[in-house]
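In: pasting the sequence and the predicted coordinates here, then a few questions.
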Amino acid sequence: MKWVIGVRVLVVGAEKLGVQVIKQLKKRDDVEILVADVHENPAAVTQGVIEKVDILAHVTAMNFEEIVGRVKPDFVVLARTISDWQKSDVPMGGEYVLGMERELTKYGTMVLPADSRILGPY
């Protein structure tokens, strides 16, 4: 399978799962990776996988349209796990992924929720 030249991917989440996703995407030179995370120095930055977070924001179904409209990705990878959430958010982790996927698909943006069970332990 060949990638289209100039694919722009927005990775939402730059902690443990996001690090794995970003490393996989970086294997291709023709993929532009943009990273959104609520933390300025998530694991992907502290481990040297990326230099900085491109979009410093807690991406939710409430603000995704503005963020996706600004960066115009070809597709979005949701790379957040329940352990990435603040303690108060844990019960809503699954709902976040489902809600975000539903909202993104309404606007024609392809979305891929990453799953640590598929990527393996980190």
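Out: That came through fine. For clarity, every value in this text was computed on a predicted model and none was experimentally measured. Numbering: from 1, shown residues only.

In: contact partners of stretch 22-35?
Out: 3-11, 14, 18, 44, 49-50, 53-55, 71, 73, 77, 79, 119 (C-beta atoms under 8 Å, 6 or more residues apart in numbering). Just so you know, the C-beta spots here come from the backbone N, C-alpha and C atoms, and that holds for glycine as well.

In: doesn't residue 32 lie inside a strand?
Out: Yes - read with DSSP: H, G, I helix; E, B strand; the rest coil, residue 32 is one of the residues of a strand.

In: how near is it to residue 45?
Out: Using C-beta to C-beta, to the nearest Å, residue 32 is found at 18 Å from residue 45.

In: who's more crowded, the two?
Out: Counted by other C-beta atoms under 10 Å, residue 32 and residue 45 do not tie: residue 45 has more neighbours, with 18 against 15.

In: doesn't the more buried one fall inside a helix?
Out: Yes - read with three-state DSSP, residue 45 is one of the residues of a helix.

In: can you give me the pLDDT of it?
Out: Looking at residue 45, its pLDDT reads 98.

In: enumerate every residue touching it.
Out: Listed by C-beta under 8 Å, 6+ apart, the contact set of residue 45 reads 14, 51-53.
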